[in-house]
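> can't give you the sequence, but here's the structure:
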Ligand SMILES: *[C@@H]1O[C@H](CO)[C@@H](O)[C@H](O)[C@H]1NC(C)=O
Ligand SMILES: *[C@@H]1O[C@H](CO)[C@@H](O)[C@H](O)[C@H]1NC(C)=O
Ligand SMILES: *[C@@H]1O[C@H](CO)[C@@H](O)[C@H](O)[C@H]1NC(C)=O
Ligand SMILES: *[C@@H]1O[C@H](CO)[C@@H](O)[C@H](O)[C@H]1NC(C)=O
Ligand SMILES: *[C@@H]1O[C@H](CO)[C@@H](O)[C@H](O)[C@H]1NC(C)=O
């Protein structure tokens, strides 16, 4: 009898020891304090994947728009990559971000992390950097020396939404040859309506220039080529001739260094220009991966396709069913005749091809 009791005791002790051991093995130190007492599931952190950095710069009335962008990245992260959002923003906006993102981390534990940074410029000649343009517009040009611990990142404007997993665009890094350090999409597909080819008074990349709203950056390589020195000297030489700030600087830089740029297809930065007159982005093989409501199109009725997608994402509650709570309301909005008849609305099925496939596949499996 006594023996049996001791035996049971030993077993119990062993079990407790094992439980404690597995607890420590499975925790990352940075998360340990927050995960105590929670059920730990399979997730990106535990598999030890390196984080995919997504960087955004938010000034003015763009906090909500930025949060909707972040939500779309989390929603479409079906490959369970570990996402790390870095948000550069003005004084006074941090709390709003922190509050929402902390809520979302409760809903989607371990899938992402975030960092909120004040607008920052390289120390040394901060004044010169700050006065280059408006601080917010210039910010992204200085990421290589501000994020020195980061190898690579995806920079996006606040007015973009993901319609595909981040891993999809991230794979372009692997396609770079030895000289390429950044990837962008063309500013335009068509000479007749292109801006740079008709109006620019400075050199620009390629036939029609590049759009800078979605930009893969290998910071390691950008640091190696002394990117920021190039930026400053280009600014000195061209400042009286540039209109679109940082995007023009980037175009001038890659005009002189075309071997350093990888060009992604238009469906990675799909804008109203691609459908407002006629459909000029060939999506036959893929559908839109990243949509960009530039010039305020997410908030206007000029091409309701853009506003409909934005609003469906804004209304979607993270953690709820993406099929019934995001896709279905979106398709309902797109079938309203005034939307369906608009020139961008007409191609909505092509635009949403990936989003439909990714989400419906997900919900077939579940
Ligand atoms: C960026 O470039 C560096 C240096 O060439 C390389 O070691 C690194 O793997 C690249 N990063 C990515 C994500 O491809
Ligand atoms: C990399 O690709 C670019 C664009 O095609 C090209 O200009 C450059 O010469 C290539 N670099 C190497 C090392 O092949
Ligand atoms: C669009 O892309 C597909 C597949 O890459 C190609 O077969 C087709 O010719 C392209 N269409 C146009 C109009 O460029
Ligand atoms: C949208 O309009 C096209 C014709 O313009 C029509 O064939 C299609 O059925 C309409 N779609 C919806 C969902 O109403
Ligand atoms: C949409 O287009 C169809 C024909 O393509 C037309 O019959 C219908 O009246 C239009 N609806 C609206 C709201 O413009």
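Yep, it's here. Bear in mind that the values here come from a model prediction, so they are computed numbers and not experimental data. Numbering: from 1, shown residues only. Ligands and ions are numbered 1, 2, ... in the order given.

> in the protein, what spans have low per-residue confidence?
Of all residues in the chain, those with pLDDT under 70 make up the ranges 1-47, 285, 364-366.

> Mind doing that once more with 80?
The chain contains residues with pLDDT under 80 at 1-48, 125, 131-134, 284-286, 362-366.

> and the longest strand for it?
In the chain, ranked by residue count with DSSP state E as the criterion, the top strand is strand 210-218.

> Identify all contacting residues around the following helix or strand past it.
Using DSSP states H and E, the next helix or strand after strand 210-218 towards the C-terminus is helix 219-224. Around helix 219-224, the neighbours that count as contacts under C-beta atoms under 8 Å, 6 or more residues apart in numbering are 143-145, 147-148, 150-153, 180-182, 260. Using the backbone N, CA and C atoms, a C-beta is placed for each residue, glycine as well.

> Just these: which are in strands?
Cross-referencing the contacts of helix 219-224 against strands under DSSP E gives 152, 153, 182.

> out of those, who has the most neighbours?
The most crowded member of the ones in strands among the contacts of helix 219-224, judged by other C-beta atoms under 10 Å, is residue 182 (25 neighbours).

> any idea how this structure splits into domains?
Structural domains annotated on the chain: 52-268, 272-365, as defined by automatic domain parsing.

> how about the first one, does it get close to ligand 3?
No: applying C-beta under 6 Å from any ligand atom, one finds domain 52-268 out of contact with ligand 3, separated by at least 9.1 Å.

> Could you give the separation of that domain from the chain centroid?
From the chain centre to the centre of domain 52-268 is a distance of 9 Å (C-alpha atoms, centre = their mean, to the nearest Å).

> now the last one
On the basis of C-alpha atoms, centre = their mean, domain 272-365 is displaced by 17 Å from the centre of the chain it belongs to.

> so, in contact with ligand 5 or not, that domain?
Yes: with C-beta under 6 Å from any ligand atom as the criterion, ligand 5 is reached by domain 272-365 at 337, 338, 341.

> Now flag whichever of the residues you listed is closest to ligand 2.
Looking at the residues of domain 272-365 next to ligand 5 and their distance to ligand 2, the nearest is residue 341, at 40.6 Å (C-beta to the nearest ligand atom).

> gap between that closest one and ligand 3?
Residue 341 sits 23 Å away from ligand 3 when distances are taken as C-beta to the nearest ligand atom, to the nearest Å.

> again with residue 113
In this structure, residue 113 lies at 37 Å from ligand 3, with C-beta to the nearest ligand atom as the measure.

> which strands and helices sit next to the host helix or strand of that residue?
With secondary structure defined by DSSP H and E, residue 113 is part of strand 112-118. Applying 3 or more C-beta pairs under 8 Å, 6 or more residues apart in numbering; DSSP states H and E, one finds that strand 112-118 makes contact with strand 83-89, helix 94-107.
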